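In: Need a 3D model of the following:
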Amino acid sequence: MRRTTLAALPLALLLAACRGEPEAERSAERPAEVEETARPSRDPGAVREARPPEGVDEVDQRRLDERLRVAAWANDVATARRLVVRGADVNAKDETEQSAYLIATSEGYLELLRLALRSGARVDDKDSWNGTGLIRAAERGHALVVGELLRAGIDRDHVNRIGYQAIHEAVWLGEDTAAYATTLRVLAAGGVRLSDRSVTEGLTPLEMARRRGLAGLEQVLTELTTDDVSDEPDAALLRAAAAGDADAVALALRAGADIEARDEHRRTALLLAATYDHVAVAQVLVAMGADPDALDDRHDTPWLVTGVTGSVAMLEALLPARPDLTIVNRYGGVSVIPASERGHVDYVRRVVSTGIDVDHVNDLGWTALLEAVILGDGGADHQEIVRILLAAGADPTIPDGDGVTVLQHAEERGFEEIARLLRP
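Out: Residues are numbered from 1 along each chain as shown. Sure thing, here's the model as predicted:
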């Protein structure tokens, strides 16, 4: 395809071009033929001889690779994992230069991307428009994928065939939304150049945002390019996280702050963000690899704090970091227990779907059901929490440390509606 100017490209074609594929071919029905069958390598920069594994002929290899791409388009990670074990290549492309790895980047499939990276994805591989996965992810506003790629060592400032770096695509082809604001912050935190001009328009990212009338992104870029960088980045990071300043968090990380730096109470930036429910800050930190399980001097972690605050938005921000749901607080409880006691209905409804142990017994001898009754007020919120816990499989026969069941506690307190829910 010959090079053309952006002005000559229809919007649909431009978007498809930057994603590395024709719009008409964005379906799971991909051709069976592929252009390469290079074996995956644990070294993302390695290029191995294009040959199938021992015992697999080239036709079988092409079929395996095609099935992997189909699974990738469907975000079927379980099938993709099985195919990789059988020898499917995450780098193998079809005639439109799509591979399972590149599909994961453009579609924002985080777990699929993690599988591809573990399976030898060539992190700097290019699509049909000579664009990296970072450019594809930034154009779509996939901040978590952007962070994963930056931490994997991808070329941060590669220029594609139409003259854009990742940060240009995030602005010129993005939208004025929170997702794109987070994407810009993650790019900045990861050290991309913020003031390069695009080849075609000759505009910086800030000028692009201004030209397109994206006031929110313009404000973010203004903060990222004009604020002073502290000479004490660790302290700046902690201050910014506590204050809820996501732009300043990105700048502190850009300046070299330790993402796991601690304050006087051993709280990390992510724990401070969770404590004060600064979701935008947490999103940047999670994308850049912050630990959701870092314990402070009160035995709290970012994840455990969500059970106290009841913030579903923070829960969702932390889940991509794969928190350990079995870590306990200073009372020996997992997050669903304080949430049940405090009447956080929406949080309990969401957290029971994560696989958390709804029958965990804390150091007081209480489960989430017991806490909802013993420390609850018997009102509508605690009634609903009891319903949710029971529907999630919580065992109402588990007694407290004195052998008293949750039904007996409900009856003793006159919580008739809860008692009705608990009776066989």
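
In: Could you list the domains of the chain?
Out: Structural domains annotated on the chain: 21-126, 325-424, as defined by automatic domain parsing.

In: pLDDT at Ser54, what is it?
Out: For residue 54 the amino acid is Glu, not Ser. Predicted confidence (pLDDT) for Glu54: 60.

In: actually Glu33, not the one I typed
Out: Turning to Glu33, the model gives it a pLDDT of 29.

In: What segments of the stretch 151-300 of the chain are helices?
Out: Counting by DSSP state H, counting those that start in this stretch, one finds helices in the stretch 151-300 of the chain at the ranges 166-172, 178-189, 205-212, 215-226, 233-243, 246-254, 269-275, 279-287.

In: Turn those helices into TSV, columns for mean neighbour count.
Out: C-beta here means a position set from N, CA and C on the backbone, and glycine is covered the same way. Formatted as TSV, those follow (neighbours: other Cβ atoms under 10 Å):
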stretch	mean neighbour count
helix 166-172	29
helix 178-189	26
helix 205-212	21
helix 215-226	18
helix 233-243	21
helix 246-254	26
helix 269-275	29
helix 279-287	28
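
In: excluding its backbone neighbours, what's nearest Val159?
Out: With Cβ to Cβ, 6 or more residues apart in numbering as the criterion, Val159 has its nearest non-adjacent residue at 5.6 Å, and that residue is Gln165.

In: Now do the one you found against Asp155, distance only.
Out: Look at Gln165 and Asp155: by Cβ to Cβ, to the nearest Å, they are 10 Å apart.

In: swap in Leu83?
Out: 28 Å.

In: Please apply the same query to Trp73.
Out: Distance from Trp73 to Asp155, by Cβ to Cβ: 25 Å.

In: ok so, going back, how about JSON lines for the helices of the stretch 151-300 of the chain, with distance to Glu58 and mean pLDDT added?
Out: Below are these laid out as JSON lines (distance: least, Cβ to Cβ, whole Å; pLDDT from 0 to 100):
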{"stretch": "helix 166-172", "distance to Glu58": "35", "mean pLDDT": "98"}
{"stretch": "helix 178-189", "distance to Glu58": "39", "mean pLDDT": "98"}
{"stretch": "helix 205-212", "distance to Glu58": "44", "mean pLDDT": "98"}
{"stretch": "helix 215-226", "distance to Glu58": "47", "mean pLDDT": "97"}
{"stretch": "helix 233-243", "distance to Glu58": "51", "mean pLDDT": "97"}
{"stretch": "helix 246-254", "distance to Glu58": "45", "mean pLDDT": "97"}
{"stretch": "helix 269-275", "distance to Glu58": "47", "mean pLDDT": "98"}
{"stretch": "helix 279-287", "distance to Glu58": "39", "mean pLDDT": "98"}
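
In: Of all those, which one is nearest Gly310?
Out: When these are compared for distance to Gly310 using Cβ to Cβ, the nearest one is helix 269-275, at 11.7 Å.

In: Tell me the helix or strand right after the top helix by length along the chain.
Out: Among the elements of the chain assigned as helix by DSSP state H, the one spanning the most residues is helix 58-73. Sequence order places helix 77-85 as the next helix or strand after helix 58-73, per DSSP states H and E.

In: between that next one and helix 58-73, how many degrees?
Out: Between helix 77-85 and helix 58-73, the angle comes out at 160 degrees (axes from the mean of the first three to the mean of the last three Cα atoms, to 10 degrees).

In: residue ranges with poor pLDDT in the protein?
Out: Along the chain, the model assigns pLDDT under 70 to residues 1-56.

In: try it again with 80
Out: The chain contains residues with pLDDT under 80 at 1-56, 227-230.

In: so Glu371 is in which element?
Out: Going by DSSP H and E, Glu371 is in helix 368-374.

In: And the contacts of that helix?
Out: 333, 336-341, 343, 348, 358, 360, 362, 366, 382, 385-386, 389-390, 394-396, 398, 400, 406, 409-410, 413, 415, 418 (Cβ atoms under 8 Å, 6 or more residues apart in numbering).

In: ok now it, how far from the chain's centre?
Out: 32 Å (Cα atoms, centre = their mean, to the nearest Å).

In: helices or strands up against the next helix-or-strand element following that helix?
Out: Counting by DSSP H and E, the next helix or strand C-terminal to helix 368-374 is helix 380-391. Helix 380-391 is packed against helix 336-342, helix 345-351, helix 368-374, helix 416-422, with contacts defined by 3 or more Cβ pairs under 8 Å, 6 or more residues apart in numbering; DSSP states H and E.

In: what's helix 380-391 in contact with?
Out: 340, 343-345, 348-349, 352, 358, 368-369, 372-373, 376, 396, 415, 417-418, 421-422.
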